[in-house]
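A.B. asks: Structure for the following, please:
(one chain, ligands or ions: 1)
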Amino acid sequence: MTTRYITTPIYYVNDRPHIGHCYTTLLADALTRAERLRQGSSVQSATAVPGVFFLTGTDEHADKVVTSAAAHNMTAIQWADRNAAEFAKAFAFMECRYDDFIRTTQDRHKTRVTEYVTALIKSGAIYKGSYEGWYDENQEEYLTETVAKEQEYKSAVTGKPLVRRTEPCYFFKLSAFAQRIEAHFKAHPEFVQPEARRNEVLGRLRDGLNDVPISRPVTDDPATQFGIRVPGDEQHRIYVWIDALFNYLSVVDTDERRALWPASVHIIAKDILWFHAVIWPAMLMALQDTAKINATRFGFVGLPGTVYSHAYWVREGRKMSKSLGNFVTIEVLEAYAGKYSLDAVRWYMLTQGPQHAQDADFSHSKFVEVFNADLANGIGNCASRVANMIEKYFPGTSGGSIPAHHGKYTWSNVATGGTETFDWPAITAAASGKVRTALTTFDLPAALSAGIDLVRKVDQFINVTAPFKLAKTVEANPAAKDELGVILYQCAEAVRIASVLLSPALVSRMPMLWDAWGCKPWPGLNLEDACVFGAGKASLKPGQPLRKPDNLFMRADPAEAPPA
Ligand code: ME8
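C.D. replies: Here you go, the predicted model:
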């Protein structure tokens with residue numbers, strides 16, 4: 001399936017964003033950019049629906065938003081407004097270019113949710129029943145059987161016995177979907193990724209599925225009044241999770257955007273996997289069923305392609321938490337960006353982040369190590385080394401002039417009797433092929449490492465061919481100049497291709513390089529075509545001016561303290 005519609009979770013606005021929220025949105029951003037590149041689809045645009053559509057946003061009707069607002073002497077919506085703006089600001093700082101930002105308090109969302117729930121009540125997938133559970137009268141909350149047992153059926157706060165309480169509540173008939181969900185998992189092994197997470201869900205599915213409460217009572221307490229009402233019953237509001245999951249659909253359920261459904265990939269973290277992997281697809285199945293049962297318009301509501309569930313960031317080896325006060329905040333990320341560049345922050349997060357099943361550590365020493373290896377001594381140094389040599393040996397009117405390649409795109413070390421062969425069209429095609437393959441499993445670390453490996457290959461080529469030594473022979477042997485030109489063309493063209501592969505992460509430095517080398521992006525070209533070596537539409541053209549890029553990444557001193 002071609003990736004068209006990419007989403008992130010919508011985040012709670014009880015607090016400000018931190019690295020975890022930025023990470024998921026950054027993953028979605030880089031994936032969107034990489035997909036646009038792969039498909040050669042139109043760039044992001046605010047008006048038309050682009051080839052790839054990226055959605056993020058905020059989840060606002062949560063009780064903790066109301067509590068937190070009250071603690072700040074604000075109404076829930078005032079507090080939500082303030083924090084939603086903080087999220088948008090954080091994502092702008094991270095250069096995350098989403099196509100839409102949904103807030104669940106917006107009318108466009110609330111109207112749709114009401115419509116969906118109305119259809120589900122009518123079809124019987126949502127029904128009114130009664131909820132029975134252990135209730136802490138002092139805390140005014142229900143506890144699960146496990147928690148109640150742990151607390152010996154007493155309130156953790158007052159020590160008073162918990163009471164058994166029953167109240168009317170709406171339920172979603174999840175139990176009716178168990179078999180269909182299992183069948184979907186079987187037929188679509190790609191539905192939950194990575195594999196470890198899929199197995200986790202499969203394990204839990206074996207325990208069977210119970211119906212889930214999807215409403216909360218509305219009382220005189222203002223804290224219970226923030227939320228979307230159950231249609232036709234003012235005494236109940238829709239549970240925040242049900243309201244939230246519908247965002248993925250509500251945003252594209254318009255005449256202009258409906259064709260985007262189903263979502264290609266919901267990117268989330270492991271904490272909210274069950275909701276996305278089980279409850280959400282069952283809700284969608286139920287909604288789709290309403291088309292048959294009551295001839296609704298929801299026949300188009302198929303299931304998302306993949307739920308991609310990454311692991312967690314921890315900090316210097318410890319879980320991040322409020323009590324430890326050790327969150328990697330936006331201010332921390334800003335300090336790193338100020339010192340090492342935002343691209344460096346994006347690079348570190350994307351390549352070292354918890355994309356797979358393992359948690360990842362935000363560690364200063366690791367940051368500097370990766371920055372130096374991949375960026376300062378990697379693409380930065382390699383691009384400037386190549387440009388330096390071209391400026392020096394092939395001067396143009398300003399800077400250097402791209403040397404002729406004489407149609408020679410491969411290089412064998414025949415002269416020195418060596419055996420090494422560099423088949424650049426094959427090497428670069430393999431690199432862009434790796435990126436395309438990695439994208440089918442949304443594997444950005446693998447995609448980006450294909451780019452950086454290509455840079456390393458250029459470094460190796462320079463070491464083997466030693467163009468700086470060859471340059472010294474040109475005076476005595478003018479024919480050597482042609483060979484020098486061919487070598488440097490090959491270096492520069494391979495670096496250009498690497499820069500294309502790295503561009504979904506390095507969103508400001510790669511365009512700086514393209515500026516200096518006169519190889520601006522390639523409207524309409526897909527990744528494969530943009531990476532054709534030497535003879536492609538995007539290839540470097542002999543005779544064109546090229547200058548050394550400004551320092552892309554300055555080497556960092558590992559002994560220096562973390563930026564404050
Ligand atoms: O759960 N490492 O919102 P939320 C990596 N509103 N990612 C992290 C992280 C960490 N340490 N901490 C948080 C909600 N995240 C619901 C979602 S969706 C219909 C409703 C990221 O504000 C990660 O993406 O608690 C995680 O799934 C999400 O933030 C949870 O955000």
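A.B. asks: Residues of the stretch 51-200 of the chain that sit close to the ligand?
C.D. replies: By the rule Cβ under 6 Å from any ligand atom, the part of the stretch 51-200 of the chain lying against the ligand is residue 59. Just so you know, the C-beta spots here come from the backbone N, C-alpha and C atoms, and that holds for glycine as well.
A.B. asks: which residue does the stretch 51-200 of the chain bring closest to the ligand?
C.D. replies: Nearest residue of the stretch 51-200 of the chain to the ligand: residue 59, at 3.4 Å (Cβ to the nearest ligand atom).
A.B. asks: and what of the chain?
C.D. replies: Residue nearest to the ligand within the chain (Cβ to the nearest ligand atom): residue 20, separated by 2.2 Å.
A.B. asks: before we move on, back to that, was I right to think the residue of the stretch 51-200 of the chain closest to the ligand contacts residue 8?
C.D. replies: No: checked against Cβ atoms under 8 Å, the pair residue 59 and residue 8 is beyond contact range at 11.0 Å.
A.B. asks: Counting neighbours, which bits of the worst-scoring helix or strand of the chain on mean pLDDT end up buried?
C.D. replies: When each helix and strand of the chain is scored by mean pLDDT, DSSP states H and E, strand 141-143 comes last, with a mean of 85. Within strand 141-143, the residues that count as buried by 16 or more other Cβ atoms under 10 Å are 142, 143.
A.B. asks: Now do the helices in the stretch 351-500 of the chain.
C.D. replies: 364-370, 381-393, 424-440, 444-465, 467-473, 479-502 (DSSP state H, counting those that start in this stretch).
A.B. asks: Comparing these, which comes out most buried?
C.D. replies: helix 479-502 (a mean of 23; mean count of other Cβ atoms under 10 Å).
A.B. asks: For stretch 368-382, measure first residue to last.
C.D. replies: With Cα to Cα, to the nearest Å applied, stretch 368-382 spans 18 Å between its terminal residues.
A.B. asks: Backbone dihedrals for residue 98, please?
C.D. replies: Here is the backbone geometry of residue 98 (degrees, to the nearest 10): phi -80, psi 160.
A.B. asks: The one 10 residues further on too?
C.D. replies: Backbone dihedrals for residue 108, given as degrees, to the nearest 10, come out at phi -60, psi -30.
A.B. asks: How about residue 552?
C.D. replies: phi -70, psi -50.
A.B. asks: The residue of the chain closest to the ligand should be in a helix, yeah?
C.D. replies: Yes: under DSSP: H, G, I helix; E, B strand; the rest coil, residue 20 sits within a helix.
A.B. asks: one step back: quick check: neighbours of the least confident helix or strand of the chain in the sheet, parallel or antiparallel?
C.D. replies: strand 126-136 (antiparallel) (DSSP bridges).
A.B. asks: Would you tell me what the next helix or strand after the least confident helix or strand of the chain is?
C.D. replies: Using DSSP states H and E, the next helix or strand after strand 141-143 towards the C-terminus is helix 145-150.
A.B. asks: quick one: buried residues of that following helix?
C.D. replies: residue 148.
A.B. asks: now the angle from the next helix or strand after that helix to strand 126-136?
C.D. replies: Tracing the chain C-terminally past helix 145-150 and defining elements by DSSP H and E, one meets strand 163-172 next. If you take axes from the mean of the first three to the mean of the last three Cα atoms, to 10 degrees, strand 163-172 sits at 160 degrees to strand 126-136.
A.B. asks: May I see the buried residues of the next helix-or-strand element following strand 163-172?
C.D. replies: The helix or strand immediately downstream of strand 163-172 is helix 178-187, counting by DSSP H and E. Neighbour counts over helix 178-187 (16+ other Cβ under 10 Å) mark 181, 184, 185 as buried.
A.B. asks: can you pull the contacts of the second one?
C.D. replies: In this structure, residue 184 makes contact with 191, 281, 303, judged by Cβ atoms under 8 Å, 6 or more residues apart in numbering.
A.B. asks: Same check on residue 247?
C.D. replies: Contacts of residue 247 by Cβ under 8 Å, 6+ apart are 10, 55, 57, 59, 102, 104, 109.
A.B. asks: Of those residues, just the buried ones, PyMOL syntax please.
C.D. replies: Here is the PyMOL selection string for the buried members of these, based on 16+ other Cβ under 10 Å:
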select buried, resi 10+55+57+59+102+104+109
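A.B. asks: Show me the contacts of residue 247 that map onto strands.
C.D. replies: 10, 55, 57, 59, 102 (DSSP state E).
A.B. asks: Tell me which two of the residues you listed sit farthest apart.
C.D. replies: Largest separation among these by Cβ to Cβ: 55 and 59, giving 12.8 Å.
A.B. asks: Contact residues of the stretch 301-450 of the chain facing the ligand?
C.D. replies: So far as Cβ under 6 Å from any ligand atom goes, the stretch 301-450 of the chain lies against the ligand at 312, 313, 320, 354.
A.B. asks: Would you enumerate the residues in contact with the third one?
C.D. replies: In other words, residue 320. 18, 19, 20, 313, 314, 326, 327, 328.
A.B. asks: how many neighbours does the last one have?
C.D. replies: A total of 20 residues lie near residue 328 under the criterion other Cβ atoms under 10 Å.
A.B. asks: Settle this for me: it is touching residue 360, isn't it.
C.D. replies: No: the criterion here is Cβ under 8 Å, and residue 328 misses it with residue 360 at 11.2 Å.
A.B. asks: Give me the common contacts of these two.
C.D. replies: residue 313.
A.B. asks: Look up the closest residue to residue 518, ignoring the ones flanking it.
C.D. replies: residue 544 (5.0 Å; Cβ to Cβ, 6 or more residues apart in numbering).
A.B. asks: Wait, that neighbour touches residue 402, no?
C.D. replies: Yes: with contact defined as Cβ under 8 Å, residue 544 counts as touching residue 402 (4.9 Å).
A.B. asks: more crowded one of these two?
C.D. replies: residue 402 (24 against 13).
A.B. asks: so what's that one up against?
C.D. replies: 390, 394, 489, 492, 540, 541, 542, 543, 544, 545, 546.
A.B. asks: what bridges to the closest residue to residue 395 other than its chain neighbours?
C.D. replies: Nearest in space to residue 395, with sequence neighbours left out and distances taken as Cβ to Cβ, 6+ apart, is residue 401 at 6.9 Å. Residue 401 has the following beta-bridge partners by DSSP bridges: residue 545.
A.B. asks: What number of residues are in the vicinity of residue 401?
C.D. replies: Neighbours around residue 401, by other Cβ under 10 Å: 18.
A.B. asks: pretty sure it is touching residue 394, no?
C.D. replies: Yes: between residue 401 and residue 394 there is a contact under Cβ under 8 Å: 5.2 Å.
A.B. asks: before we move on, back to that, what's near enough to touch the residue of the stretch 51-200 of the chain closest to the ligand?
C.D. replies: 9, 10, 11, 12, 13, 104, 240, 243, 244, 247.
A.B. asks: what's the closest non-adjacent residue to the first one?
C.D. replies: So that's residue 9. Nearest one to residue 9, counting by Cβ to Cβ, 6+ apart, is residue 268 at 5.0 Å.
A.B. asks: what sits against that neighbour?
C.D. replies: 8, 9, 24, 276, 307, 308, 309, 310.
A.B. asks: Now, those that are in strands?
C.D. replies: Those of those lying in strands (DSSP E): 8, 9, 307, 308, 309, 310.
A.B. asks: Just give the number of residues close to the third one.
C.D. replies: Residue 307 sits with 26 neighbouring residues when counted by other Cβ under 10 Å.
A.B. asks: Same check on the second one?
C.D. replies: When neighbours are defined as other Cβ under 10 Å, residue 9 has 26 of them.
A.B. asks: That one contacts residue 272, correct?
C.D. replies: Yes: taking contacts as Cβ under 8 Å, residue 9 lies within contact range of residue 272: 6.2 Å.
A.B. asks: State the distance from the residue in the chain sticking out farthest from the centre to residue 485.
C.D. replies: Most distant from the centre of the chain: residue 476, at 55.2 Å, with distances by Cα atoms, centre = their mean. The gap separating residue 476 from residue 485 is 17 Å, by Cβ to Cβ, to the nearest Å.
A.B. asks: Fine by me, thanks again.
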